[in-house]
Structures are given as C-alpha cells and as structure tokens.
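Colleague: Show me how the following folds:
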Amino acid sequence: MESNPLIMKYPIFILTVAFVTALLLASCAPKVLEELSREELFSLQIGKMDNQIDLFQIGGLMVGTKNRIYMRDGLFYVANGNSAKIMELSSYGDLIFLLYNADENPPPTSFNPGESTELAATRRAVAFPLRRIGELVVDSEKHIYVEDGVSEERQVRDKELKVLLDRVILRFDRHGALVDFIGQEGVGGTPFPYIDSLYITDLDELVVICRTPQFWHVYWYSADGVLLYQVDIDQDHLPLYEAGSEPVSTLGRIVPDRTKTFLYLLIYTYLGPTADGQQDSYNTRIHTLSLQTGRYEGFIEVPPNGVRVEKIGTQEVEVPTPSFELLGVNSRGDFFLLRREEANLFQLLILDGEGEEVARRSIVMEDSELFYKEIRLSARGIIYALLGEEHQAKIVWWRSDKLLREGEREGR
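Modeller: Residues are numbered from 1 along each chain as shown. Below is the predicted model of the structure:
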C-alpha cells in the first residue's frame, strides 16, 4: 500500500512548532542571574560594652546618629554613633583598637594588661571626648578621619545657604592621638554643613561631600589637609541630557575617582511617558566632571531599568524596575551599581570606564529582617557591609573583585 506523505510530515511539523515555541518562551523569560555568594566574617553583639555595637536607643528604636564601617588592609573600622566610639577589628572580629568617649561608655574590659599574647601587646584603648560622630575613612598610614560635631560656641549660621555649619573632620594617628581637624578651608577651617559622605583616594587625598537644600558641595584635600579643589553643584548646572533639551534631571550621587581628580555624577533624567503612554521613561547616566578644567568630560550610559511583572490582586501588571544606585568606583575605574529586584534580592552591575558591562550577579540580602544596613566598596572592588539585626550586627562581604579577574580571562 502506498504511504500517505502527509502522515510522515505531521510529526516533523509538530516538533518544529514545539521547538520554535520553546525558543520564543525562553527568549521572553527573564534571565536568571548567577548569585554572588556572601561570606559572613564575624558578628558583634548589640550592647554598650567595648566589643559590642549599640544600634538602638530609646526603647529599642533607631535614633538619628550614624553608624559606619570602613575596610582597610583586611582590618575593619566601625564608627558607632550611639556609643560615640570607633572600633578597629581584625577580619576575625578581634577588637584591636578602641577610641571612645569615656562619658558615654563603660570602662573597657577587652584590654587586659596582664595578657601576654602578641595580639594583646598591640591592643590599645584611648579615651577622647567624641561628640556626634558619623562618616569614617582610613588612609594608608592608618590615620582615622571621622566626622564629628563641634561645640555650640563653634557653630556658625550660614545666612546665604540657610544652614548650620557644625561638622568637622577629626584626624587621628594610628595610636589614637588627635593630629588636627579639617574644616572647609583645610586644617583648622570653618565647620562643614551636613556631610553626606567621605572618601580617601589612592593618593591619601580626602574628599568631603556635603549637602545643603540647594547645593552639593565637594571639598578635595591633599594628604596634608590643604584644600585643592572646591565645587558647588546645583540643579541649574547639571549637564544637559541633549543640547537644547529640557528634561527633568536629578543628581543621585557623587563619588570621586580614586587616582585622578575626577568626580562621577549619577544623574537620573525623566524623559516623559513612553510611546504607548503606559509607563514613564527614564535615563540614567554617569557623568565625569574634571576638577582641573571645571567641565563635564563625557558620560557613560547605565542600562535601562525596564519593567517586571508583579501580581496585584488577581491581575499581573508591568511595573518599572527600580533604578540602579551607584555604590562606588574601584581603583581601576570600574563602576559598581546596585538595584533592588525583590524584597531580599538585589542585582549587581559592574561597568568599565567605557560603559561596557563587566559582570552582573544577584545578591541576596535579607532586607526584611534587617534593622540597619551600611554597604561600601573597597578600592579593590570588594563589596562589604554592616548588617544590623535584632540581637547582633554581622560584618559580611561579597568577593566581587573576583568577577573582574573572571572578566579579564574571558577577554572582556
């Protein structure tokens, strides 16, 4: 009996359709990113003792003081605003150095002069009348720079900016002795307004970034505390999205380069509704401002946010993905950006100086269980954090620096 050729073709046709459908579904499905694993280095118990951290006051509520962490050469420095103290700890959590306000803390018990170990011989606790400490950085000589408040008689009311100038940067040597303090003009200068962030470059130059209602104020000092550059940036002096355009732009963050006198400005621009009118359209760029020329010298594009599908009630709707935030820049000029994907899931994006993607990874951080979170980036490109829980604070890191070496091996 002669076979019907259609009988043979149907199975092939069905398989082909199934294969194409699978490809289409795969292309539409969101890309699952590989997770960058977290390593917990050590933890600190919540409390007032010298080897503890105080994150809560007034009936367990958070108060308005800052708590900051800084990593340098494998050591961790923690500025605990609630206790007016600074701790230096090893990567295993051993308390090596304590700078503390004796009126706000009990006598240290971790520094027993009778101990004969090598670690005990290098431990030290120094009392100093710290007031309202905040931002913290450490240079290559182990000088500690910490934001602190000044006494009421030293505060200055700036009538033009309409702010109170009441912050200075105290500089201590590695033994806890006060070297000097830095104000706006340099060593011994006028107090700063609200300090947003501090940075130390690879040349041990200090960068102080302040905020007032109208301006971002940037002060750049030499290793000796001499003012090298000062710039004020307001809404009217942000770079245009395109020549002649008038979209609404917002300055999200400023970070300095670690080796050159550049500032990097993360700028969000609202472009209006999309063509279908269903969503708002945004653009994110990192602009380079040269302090030597005083001009913007180019930018890189941050990949668009896109949308994600969320279930609201019984319907699935598309909602805009949150924008990337600029975590920092490493010594070779790579930009590290983070954005929230879900309640406890973040996406890490690393771009090189030309805006080319180096790596993407997911980062899990139990935000819903945290009372406090402070995340920083090291010069080598290691992400580390102080994560405050109800009964302890964890010091953790993500070895994002290894992603850079992987990218080099793959030729990126």
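Colleague: Do you know the pLDDT at residue 190?
Modeller: The predicted local confidence for residue 190 comes out at a pLDDT of 97.
Colleague: count of residues packed around residue 217?
Modeller: Other residues near residue 217 number 22, with proximity taken as other C-beta atoms under 10 Å. (C-beta placed from N, C-alpha, C; glycine too.)
Colleague: oh, I was asking about residue 267
Modeller: For residue 267, the tally of surrounding residues (other C-beta under 10 Å) stands at 19.
Colleague: my guess is it contacts residue 282, does it?
Modeller: No - counting by C-beta atoms under 8 Å, residue 267 stays clear of residue 282, with 10.6 Å between them.
Colleague: where along the stretch 51-200 of the chain do the strands fall?
Modeller: Counting by DSSP state E, counting those that start in this stretch, the segments of the stretch 51-200 of the chain that form strands are 67-72, 75-80, 85-89, 95-100, 124-127, 136-138, 144-149, 156-158, 163-165, 167-172, 178-183, 186-187, 195-200.
Colleague: Now for the residue lying closest to residue 77 once chain neighbours are set aside: which residues touch it?
Modeller: With C-beta to C-beta, 6 or more residues apart in numbering as the criterion, residue 77 has its nearest non-adjacent residue at 4.6 Å, and that residue is residue 70. Contact partners of residue 70, counting by C-beta atoms under 8 Å, 6 or more residues apart in numbering, are 76, 77, 79, 136, 137, 138, 376.
Colleague: Could you measure from residue 70 over to residue 99?
Modeller: From residue 70 over to residue 99 the distance is 13 Å, taken as C-beta to C-beta, to the nearest Å.
Colleague: What is the burial count for the spatially closest residue to residue 88 that is not a sequence neighbour?
Modeller: The spatially closest residue to residue 88, leaving aside those adjacent along the chain, is residue 97, at 3.7 Å (C-beta to C-beta, 6+ apart). Burial of residue 97 is recorded as 22 neighbouring residues (other C-beta under 10 Å).
Colleague: For the remainder of this discussion, apply numbering that starts at 45.
Modeller: From this message on, residue numbering opens at 45, which makes the last subject residue 141.
Colleague: and residue 141, what are its bridge partners?
Modeller: Partner residues in beta bridges with residue 141, using DSSP bridges, are residue 132, residue 168.
Colleague: List the contacts of the nearest residue in space to residue 176 that is not next to it in sequence.
Modeller: When the adjacent residues along the chain are set aside, residue 176 lies closest to residue 193, with 3.7 Å between them (C-beta to C-beta, 6+ apart). Under the criterion of C-beta under 8 Å, 6+ apart, the neighbours of residue 193 are 175, 176, 210, 211.
Colleague: which stretches of the stretch 95-244 of the chain have low pLDDT?
Modeller: Across the stretch 95-244 of the chain, residues meeting the criterion (pLDDT under 70) sit at 101-108, 156-165.
Colleague: quick check: angle from the helix or strand hosting residue 295 to strand 239-244?
Modeller: For residue 295, the host element (DSSP states H and E) is strand 292-300. When axes from the mean of the first three to the mean of the last three C-alpha atoms, to 10 degrees is applied, the directions of strand 292-300 and strand 239-244 differ by 40 degrees.
Colleague: For the next helix or strand after strand 292-300, which residues meet the burial criterion?
Modeller: Toward the C-terminal end, the helix or strand that comes next after strand 292-300 (DSSP H and E) is strand 306-317. When burial is assessed from 16 or more other C-beta atoms under 10 Å, strand 306-317 yields the following buried residues: 306, 307, 308, 309, 310, 311, 312, 313.
Colleague: was I right about the last one contacting residue 326?
Modeller: Same thing as residue 313. Yes - here residue 313 reaches residue 326: they are 6.6 Å apart, a contact under C-beta under 8 Å.
Colleague: Just list the residues touching the closest residue to residue 200 other than its chain neighbours, thanks.
Modeller: Setting aside the residues directly before and after it, residue 200 is nearest to residue 209 in space (C-beta to C-beta, 6+ apart), at 4.2 Å. Taking C-beta under 8 Å, 6+ apart as the contact definition, residue 209 lies against 199, 200, 201, 202, 228, 234, 235, 236, 237.
Colleague: who's in contact with the first one?
Modeller: Looking back up the chat, that one is residue 199. 208, 209, 210, 235.
Colleague: picking up where we left off before, any of the contacts of residue 209 buried? List them.
Modeller: For the contacts of residue 209, a neighbour count by 16+ other C-beta under 10 Å gives the buried set as 228, 235, 236, 237.
Colleague: These into a markdown table, with extra columns for distance to residue 264?
Modeller: Supplementary listing: the buried ones among the contacts of residue 209 in a markdown table, determined by distance: C-beta to C-beta, whole Å:
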| residue | distance to residue 264 |
| --- | --- |
| 228 | 12 |
| 235 | 18 |
| 236 | 13 |
| 237 | 16 |
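Colleague: a markdown table for the buried residues of strand 306-317, including distance to residue 84?
Modeller: Compiled in a markdown table, the buried residues of strand 306-317 are given as follows (distance: C-beta to C-beta, whole Å):
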| residue | distance to residue 84 |
| --- | --- |
| 306 | 35 |
| 307 | 34 |
| 308 | 31 |
| 309 | 34 |
| 310 | 29 |
| 311 | 35 |
| 312 | 33 |
| 313 | 39 |
